[in-house]
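A.B. asks: My questions concern the predicted model and sequence given below.
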Amino acid sequence: MRLSLIPTIALAFGLAACETTAPMTEEASSATRLATQADMAAITGKMLTLEPGKSYVIGAAGTIQGTWDGGPLVGQYEMKDGYFCRTLSQGPSGPAPEDCQILLLDGDTLRGTRDRGNGASFALIVS
């Protein structure tokens, strides 16, 4: 009789260990998704900094200008289907093709995820 309880207890603890919490959604966070050109006004003209030597400014006319590791960072952006889509004419590795990103603004932190939310994430300080 005792031996039959052991698998039951093990199964109960195993299932409890598999529980996961729901992923944080935009609604559960204080962050605001920047999904339209009007939303971009919250960061337009402000310095966006990843770390010292890696910063840029997004202009109202769809421009990107800054410096990255001592070199110029120059490009264009437009908002498409709720994504910030940017193309670089000059960057750390030369020109870069379009990359559409999810942008979330939380206070003075701008969080982004590349490749329409499927790529690498980053956090920039807005000043």
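C.D. replies: Arrived safely. Model, not experiment: these values are computed from the prediction.
A.B. asks: Need the CA coordinates for stretch 108-116. PDB is fine.
C.D. replies: C-alpha atoms of stretch 108-116 as PDB (Å, rounded to 0.1, in the frame of the first residue of the first chain):
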ATOM      1  CA  ASP A 108      13.000  56.500 -19.500                       C
ATOM      2  CA  THR A 109      13.600  53.000 -20.800                       C
ATOM      3  CA  LEU A 110      12.800  52.000 -24.400                       C
ATOM      4  CA  ARG A 111      12.700  48.200 -24.800                       C
ATOM      5  CA  GLY A 112      12.900  46.700 -28.300                       C
ATOM      6  CA  THR A 113      12.800  43.300 -29.900                       C
ATOM      7  CA  ARG A 114      14.100  42.900 -33.400                       C
ATOM      8  CA  ASP A 115      12.700  40.800 -36.200                       C
ATOM      9  CA  ARG A 116       9.000  41.600 -35.500                       C
END
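A.B. asks: Please state the offset of that stretch from the chain centre?
C.D. replies: 2 Å (CA atoms, centre = their mean, to the nearest Å).
A.B. asks: next one: stretch 90-110
C.D. replies: For stretch 90-110, the distance to the chain centre is 8 Å (CA atoms, centre = their mean).
A.B. asks: Tell me which residues are up against that stretch.
C.D. replies: Contacts with stretch 90-110, where a contact means CB atoms under 8 Å, 6 or more residues apart in numbering, come from 26, 29-34, 42-43, 48, 68-69, 71-75, 80-89, 111-117, 119, 123-127. For every residue, glycine as well, the C-beta is placed using N, CA and C.
A.B. asks: repeat that with 7 Å
C.D. replies: 26, 29-34, 42-43, 48, 68-69, 71-74, 80, 83-89, 111-117, 123-127 (CB atoms under 7 Å, 6 or more residues apart in numbering).
A.B. asks: Just the buried residues out of those, in PyMOL syntax.
C.D. replies: Of the contacts of stretch 90-110, the buried ones go into a single PyMOL selection, burial set by 16 or more other CB atoms under 10 Å:
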select buried, resi 31+34+43+48+68+73+74+83+84+86+88+111+112+113+124
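A.B. asks: For Gln37, see how far away the spatially most central residue of the chain is.
C.D. replies: Nearest to the mean C-alpha position of the chain, by CA atoms, centre = their mean, lies Gly112 at 1.3 Å. The gap separating Gly112 from Gln37 is 17 Å, by CB to CB, to the nearest Å.
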